[in-house]
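Enquirer: based on what follows, work out the 3D shape:
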Amino acid sequence: MSRQNILSGSPWEDKMGYCRAVRIGNIVEVAGTVAIVDGEKVKADDAFAQTNNIIERIAKVLEEAGASLNDVIRTRIFTTDIQLFDDIARAHGTYFKDIKPTTGIYEISKLVSPDYLVEIEFTAILNP
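Expert: Numbering: from 1, shown residues only. Okay, here's the model as predicted:
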């Protein structure tokens, strides 16, 4: 089976030795992804906007891998504040209400920057 590495252009990909997503066969794994916090549309205190931003960006990554959000079978959501659950769930539900992948949400102590409230990993499987 061939391997397709999908890069985002982040300088961390070379520094850390990873890529945004990997497709092998009909499986696509997407690395933990945080929002692009711009201070206007996506603010450091807005978990709903951060979750939306992540999912919108990953939809494009999946497309590059030949997949779509409809192929997502699992999401793993990490947050620095579980009290933000309702905002995160509302955004996640906007995209996955009918798809219904398995998911987990976990409160962790920190993400790589204090601006990030949410990080999400995705697994997708394409129909053979």
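Enquirer: what about the strands in the protein?
Expert: 3-6, 21-24, 27-34, 72-79, 102-107, 118-125 (DSSP state E).
Enquirer: tell me the pLDDT of the closest residue to Asp71 other than its chain neighbours.
Expert: Nearest residue to Asp71 in three dimensions, chain neighbours excluded: Ala124, at 4.0 Å (C-beta to C-beta, 6 or more residues apart in numbering). All C-beta atoms are positioned from the backbone trio N, CA, C, and that covers glycine. Per-residue confidence at Ala124 stands at 98 (pLDDT).
Enquirer: next up, the contacts around Ala124.
Expert: Counting by C-beta atoms under 8 Å, 6 or more residues apart in numbering, Ala124 touches 27-28, 30, 62, 65, 67-68, 71-73.
Enquirer: give me the buried subset of those residues.
Expert: 27-28, 30, 62, 65, 67, 71-72 (16 or more other C-beta atoms under 10 Å).
Enquirer: if you average pLDDT per helix and strand, which one of the chain comes out bottom?
Expert: helix 11-16 (a mean of 91; mean pLDDT, DSSP states H and E).
Enquirer: output that one as CSV, restricted to C-alpha atoms.
Expert: In CSV, the C-alpha atoms belonging to helix 11-16 read as follows (Å, rounded to 0.1, in the frame of the first residue of the first chain):
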residue,chain,number,x,y,z
PRO,A,11,7.6,24.8,10.3
TRP,A,12,6.9,22.3,13.1
GLU,A,13,6.4,19.5,10.5
ASP,A,14,10.1,19.4,9.8
LYS,A,15,11.2,20.3,13.3
MET,A,16,9.1,17.6,15.0
